[in-house]
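Peer 1: next comes the sequence, and after it the predicted model I'd like to discuss.
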Amino acid sequence: MAGSIEKMIVVGAGTMGHGIAQTAAAAGCEVVLCDISPELVTAGIEKVKESLLGRVLKGKLASEDADGILSRMRAGTDPVSELEGVDLVVEAIPERIELKRELFARLDEKADEDTILATNTSSLSVTEIARATKRKDRVVGAHFFNPVPAMKLLELVRGQDTSDETIDRLREFGERLGKEVIVVKDSPGFATSRLGVVLGLEAMRMLEQGVATAEDIDSALELGYRHPMGPLRLTDLVGLDVRLNIAEHLYRELGGDQYEPPEILRKYVAEGRLGKKSGRGFYEW
Ligand code: CAA
């Protein structure tokens, strides 16, 4: 089996990408964080700095260790030119399959033989993304959760052609990052998004029908079921646009009424109420 993951690239410096980069650098990996413009990468690195500073101020992290994490991170704008000696690339770009396939095809041409290409997609087909490359066995889903440094799960998605060796290398990587690893077959929404979206959409339908307020619906699951965050507050954290995108994909692929996006979700997204990132979703932020 090829060696452990020491050097990696994260493509996409948004919410997920910068969190993945931070967590990998904290586990000792050398990470190049890439996005399409220097401004976007700088914004991602700034978020990492904020998160690390928060840990330092809370006394949970020594400031030398925070410096060490940052020293293992570098900014880039062209992942293809950074591929030499890289063990793993994790893609965290927008959820559009054609964008992902195009990126994977470009990475595949220049990456070393053993390099694994992973996608952080939350619902798209890993098999279809892999088939844009000539290394289908070394393509895998590596689905992280927001906020990445705090969330314990890494959902590995085994595409139709993903090899056991690739799963084993990513499992070892996930465990090194302090995650619990689960392995799920490549099917729409995998385990987490398929379940999580149904709960979120049902909560929105309840809000539309006036069953209870957003606060009370969230309290129902926070206090009645011990969820750390109710489904509407969580949708605000994840992004209403992200959830709409996943719901539309699942509705198209799986067809059940439970995946049909409620009107309130479409309306809020059309109005730019995207959740925490835009300052307003089901709540004001
Ligand atoms: N960066 C680093 N660490 C963070 C963090 C961040 N952005 N946010 C929280 N943490 C850490 C805190 O530092 C704290 O760590 P310590 O215990 O070591 O101090 C720990 O997480 C708990 O945080 P807090 O005490 O501040 O607050 P909390 O107990 O209320 O937890 C939460 C916050 C972790 C966000 C919690 O509310 C939670 O688990 N919410 C649900 C999140 C969730 O379900 N995420 C998945 C979304 S779906 C997804 O991401 C996938 C997709 O495909 C869309």
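Peer 2: Looks like it arrived, so ask away.
Peer 1: which residues of the stretch 1-150 of the chain score low on pLDDT?
Peer 2: The stretch 1-150 of the chain contains residues with pLDDT under 70 at 1.
Peer 1: where do the helices sit along it?
Peer 2: Taking DSSP state H, counting those that start in this stretch, the helices of the stretch 1-150 of the chain run over residues 15-26, 38-57, 63-71, 97-110, 126-130.
Peer 1: check the gap between Glu95 and Gly174 for me.
Peer 2: 21 Å (Cβ to Cβ, to the nearest Å). In this view, the C-beta of every residue, glycine as well, is placed from N, C-alpha and C.
Peer 1: more neighbours: which of those two?
Peer 2: Set Glu95 next to Gly174 and count neighbours by other Cβ atoms under 10 Å: Gly174 wins out with 22 against 18.
Peer 1: show me what contacts the more buried one?
Peer 2: Counting by Cβ atoms under 8 Å, 6 or more residues apart in numbering, Gly174 touches 142, 154, 156, 180-181.
Peer 1: what does the stretch 151-285 of the chain have sitting close to the ligand?
Peer 2: 151, 193, 196, 228-229, 234, 238, 242 (Cβ under 6 Å from any ligand atom).
Peer 1: now with 5 Å?
Peer 2: 228-229, 238 (Cβ under 5 Å from any ligand atom).
Peer 1: buried ones from the residues you listed, can you make that a PyMOL selection?
Peer 2: Here is the PyMOL command that picks out the buried ones among those, judged by 16 or more other Cβ atoms under 10 Å:
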select buried, resi 238
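Peer 1: mind putting the residues of the stretch 151-285 of the chain next to the ligand in TSV, pLDDT and secondary structure included?
Peer 2: Formatted as TSV, these follow (pLDDT from 0 to 100; DSSP: H, G, I helix; E, B strand; the rest coil):
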residue	pLDDT	secondary structure
Pro228	97	coil
Met229	97	coil
Val238	93	helix
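Peer 1: just curious, which of the residues of the stretch 151-285 of the chain next to the ligand is nearest to Lys110?
Peer 2: Closest approach to Lys110 among these (Cβ to Cβ): Val238, at 32.7 Å.
Peer 1: from Leu70, how far off is the closest one?
Peer 2: Look at Val238 and Leu70: by Cβ to Cβ, they are 27 Å apart.
Peer 1: contacts only, for Asn146.
Peer 2: By Cβ under 8 Å, 6+ apart, the neighbours of Asn146 are 15-16, 19, 237-238.
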